[in-house]
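S.K.: Let me see the structure of the following:
(chains A and B)
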There are 2 protein chains.
Amino acid sequence: MLLGSSEAEVKKRETALKIIKSKIKKEGRSTIYDLSGLAGGFPLKKDDIDLLETYVGPALYKEKLERLGIEHLGGEKILPFNRTTAGILATILALVKPGDEVVHYLPRMPSHPATPRSVRLVGASYKEFDNIEKFRVTNNTSLVMITGSTMDHDIIRQKDFLKVVEISKSKNIPIFVDDASGARLRTVIYNQPKATDMGADMVITSTYKLMNGPRGGIMAGKEDLIYMIKSKAYEFGLEAQPPIIAGMARALEEFNPKNMLEAFHKKNDIYKALKSTLANIKETPTGIMLSANDLMHELNRKGIKTSLSHTDIAFIFSMLLLRNYNIITITAVGMPGCSPTIRIDLASKDAERVDNDYIVSAMSEAFLKLSEVVNDKKTCENLLFGT
Amino acid sequence: MLLGSSEAEVKKRETALKIIKSKIKKEGRSTIYDLSGLAGGFPLKKDDIDLLETYVGPALYKEKLERLGIEHLGGEKILPFNRTTAGILATILALVKPGDEVVHYLPRMPSHPATPRSVRLVGASYKEFDNIEKFRVTNNTSLVMITGSTMDHDIIRQKDFLKVVEISKSKNIPIFVDDASGARLRTVIYNQPKATDMGADMVITSTYKLMNGPRGGIMAGKEDLIYMIKSKAYEFGLEAQPPIIAGMARALEEFNPKNMLEAFHKKNDIYKALKSTLANIKETPTGIMLSANDLMHELNRKGIKTSLSHTDIAFIFSMLLLRNYNIITITAVGMPGCSPTIRIDLASKDAERVDNDYIVSAMSEAFLKLSEVVNDKKTCENLLFGT
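M.R.: As a prediction, this is how the structure comes out:
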């Protein structure tokens, strides 16, 4: 076992960081493909930074975000948050009192913990449903939440969404949609309308999910409600800061539904192409993955035995992807204890810059290389720790 | 009255924005002096942005902030927040339970609302003191807060700080210091030790107060407490995001106590130099100010009468500073209803780049020009709205 200790994993990570820094320095950021799906976009230009450092800069980006946000989400007013979670907290602080009830409808339970946690904080009660037949509000319900798309990309059915709206409206209960990835997934891939166009009073989306923005949330909604929520946001320090707002505005400006559709097709094509060589490869909502066990099975299928652990071979594979193909995966650069599953996320911004063949060859050739070196301890150590 | 309506003020603001954008475009950001004191610093370099847009970037800036933060604040661990207010909320959520008591000692009451508001949210009780003789904790006290320096720059006395620590320690109550500007003001100007060196368990400082960082807060403290607070921060979306962390790290890197001391001397010198020409000028903790009334008095002292309002002449003065001396004040670029008081903040980052004579001449000459044009309506309108 090469990577049995935290120290060894730290050393592996530091090696990966060094390689990346040196590649960026020598050949520029554009030769690197970060397909981890976790790189926050921050598409600022030099002029943006100059302007941000004046008193007026922030106001100008706010105005820009207001315009682009309404284009993306509908509604009357825009409110940017430090995180989608912070936006959920602010909304519940503003609209829910102790003893009230919050009712949540999702395509599949359970909810992201942000909602029940905030409800608990204000001392209200909480109920969630994923069966529209059972969905109920009471006289105590002061807020109805809808999740547009879960983290696993389960999508709400449009008729269920409309049913929740109908029930809530009949009792004059405000409707708040957590459309973190749904604001794009529902509309672009599944042709559903914007949440506000289906009757939502507020909607929030994440600016780093299926779009190239920094981590954060943009809320859109009715002016009077947004005004109440804004005041809670400022009271507790939940609002997005100007550099983040500028990054969000640029990301919205660059967002292109066509690219997003292409990413989804790309994923299907790459998955199909790799399936023949790597039979154990799996699909994810926006990419492909190969666990340490899958990798070991693939080696065994080829009649290769090794004394290395499952984890070792996953880490070596990730370093081959990085060293030979400039592909960053979490496995290469993660902190000690990170998952040894190789994930390639085609919704990553950098995925736009690589064609399918490159990824298919990189994966197949890295596996070929892995099968060659897996019993050569010296080479494996060099791949993991050598600079 | 030239600026009686919101519409006219919007037009004035837009004119100022156009002038600034065109000056930055033509002559570069370095020819502009934003002395508003409200420009958030965001001293990122192009390389920073390239690196930020990879999965590993954020981790590298976090490590950098950890090192520089401990240098600045002491303590064992660093935790960056979206705002100082968000850090106070996270701390109270982590350490205070319903029915507990939070006791706050300040050099002068009342506290910034962030603290009592967060205490109320968790259902605890709150007491504050600015007289050390009366300071008391009870068996219910689960957190003691200390404010190092108020917003008006009242500074805690070192012996009072130590007395609060002594009382709190004797009851094993954790001590949290809100050192938003105090972390620099107390130490650099008043030669006091770091809060952690006087026994604080946690301290938080604002990265845009008396230093050139983005709006946000950095907390330092004991590892076990920071760990508890961090978990609440992530639960509710209160932590600073990677681009902000990178900006904080750069700002800490650039922070220089010598420059800060110089800014304080600069302020005194400029104030003295202007006092002879503009008798009504006032000192602020970090700069000088001249209200609309003060300006009118100055005109009257010179025997000049005008049909313009107080507000009009303040706005015209601010546009003269901007047009002729490239000095940005809030009065020129503020939203409708903003204060018509001309404020020059010598703790602004740009103040480092102008010498005293420039500011003294700009103020005196702008006033001279004002007294010449104040009865020439056409010229005044041009100054306010002409491009």
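S.K.: Could you give the number of residues near the closest residue to residue A:45 other than its chain neighbours?
M.R.: Excluding the flanking residues, the one nearest residue A:45 by Cβ to Cβ, 6 or more residues apart in numbering or on different chains is residue A:250, at 7.7 Å. Every C-beta, even on glycine, is put in place using the N, C-alpha and C of the backbone. Counted with other Cβ atoms under 10 Å in any protein chain shown, residues neighbouring residue A:250 total 23.
S.K.: Helix, strand, or coil at residue A:250?
M.R.: helix (DSSP: H, G, I helix; E, B strand; the rest coil).
S.K.: Verify the stated contact: it with residue A:44.
M.R.: Yes: counting by Cβ atoms under 8 Å, residue A:250 touches residue A:44, with 6.2 Å between them.
S.K.: OK, contacts around the residue nearest to residue A:45?
M.R.: A:43-45, A:48, A:213 (Cβ atoms under 8 Å, 6 or more residues apart in numbering or on different chains).
S.K.: how distant is the lengthiest helix in chain A from the center of its chain?
M.R.: When chain A is parsed with DSSP state H, its longest helix is helix A:6-27. For helix A:6-27, the distance from its own C-alpha centre to the chain's C-alpha centre is 24 Å (Cα atoms, centre = their mean, to the nearest Å).
S.K.: Let me see the residues that make contact with the next helix or strand after it.
M.R.: Sequence order places strand A:33-34 as the next helix or strand after helix A:6-27, per DSSP states H and E. Contacts to strand A:33-34, defined as Cβ under 8 Å, 6+ apart, come from residues A:325-328, A:348-351, A:353-354, B:53-55.
S.K.: Identify the farthest-apart pair in the residues you listed.
M.R.: A:325 and B:53 (18.7 Å; Cβ to Cβ).
S.K.: out of those two, which sits in the more crowded spot?
M.R.: For residue A:325 versus residue B:53, the count of surrounding residues by other Cβ under 10 Å is larger for residue B:53: 25 against 16.
S.K.: quick one, phi/psi of that one?
M.R.: Main-chain torsions, residue B:53, degrees, to the nearest 10: phi -80, psi 20.
S.K.: Quickly note the distance from it to residue A:256.
M.R.: 18 Å (Cβ to Cβ, to the nearest Å).
S.K.: try residue A:74
M.R.: Taking Cβ to Cβ, one finds residue A:74 at 19 Å from residue A:256.
S.K.: who's more crowded, these two?
M.R.: residue A:74 (18 against 13).
S.K.: For chain B, what is the nearest residue in the stretch 151-300 of chain A?
M.R.: For the stretch 151-300 of chain A and chain B, the shortest gap (Cβ to the nearest Cβ) falls at residue A:237, measuring 3.3 Å.
S.K.: ok, now which ones touch residue A:153?
M.R.: A:181, A:185, A:285-286.
S.K.: Can you tell me which of those residues comes closest to residue B:276?
M.R.: Nearest member of the contacts of residue A:153 to residue B:276, counting by Cβ to Cβ, is residue A:181, at 63.9 Å.
S.K.: what about the closest one, how many neighbours?
M.R.: Count around residue A:181 with other Cβ under 10 Å applied: 24.
S.K.: cool, and the one 4 residues further on?
M.R.: Counted with other Cβ under 10 Å, the neighbours of residue A:185 add up to 23.
S.K.: Quick one, grab the pLDDT at it.
M.R.: Listed pLDDT for residue A:185 reads 91.
S.K.: Show me which residues of the lowest-mean-pLDDT helix or strand in chain A are buried.
M.R.: When the helices and strands of chain A are scored by mean pLDDT, DSSP states H and E, helix A:46-52 comes last with a mean of 80. Buried residues in helix A:46-52, counted by 16 or more other Cβ atoms under 10 Å in any protein chain shown: A:48-52.
S.K.: same thing with stretch A:148-166?
M.R.: For stretch A:148-166, by 16+ other Cβ under 10 Å, it's A:148-150, A:154-156, A:160-161, A:164-165.
S.K.: same deal with stretch A:288-302?
M.R.: Result for stretch A:288-302 [16+ other Cβ under 10 Å]: buried residues A:288-292, A:294-299.
S.K.: Save those as CSV, and put in pLDDT too.
M.R.: Shown next, in CSV, are those (pLDDT from 0 to 100):
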residue, pLDDT
A:288, 94
A:289, 93
A:290, 94
A:291, 93
A:292, 94
A:294, 94
A:295, 95
A:296, 96
A:297, 95
A:298, 95
A:299, 95
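S.K.: in the stretch 201-350 of chain A, which spans are strands?
M.R.: Assigned by DSSP state E, counting those that start in this stretch, the stretch 201-350 of chain A shows strands spanning A:202-206, A:217-221, A:282-284, A:287-290, A:327-328, A:342-345.
S.K.: returning to that earlier point: which pair in the contacts of residue A:250 spans the largest distance?
M.R.: Longest span within these, Cβ to Cβ: A:45 and A:213, 14.6 Å.
S.K.: Between these two, tell me which one has more neighbours.
M.R.: Under the neighbour definition other Cβ under 10 Å, residue A:45 and residue A:213 were set side by side, and residue A:213 has more, 25 against 12.
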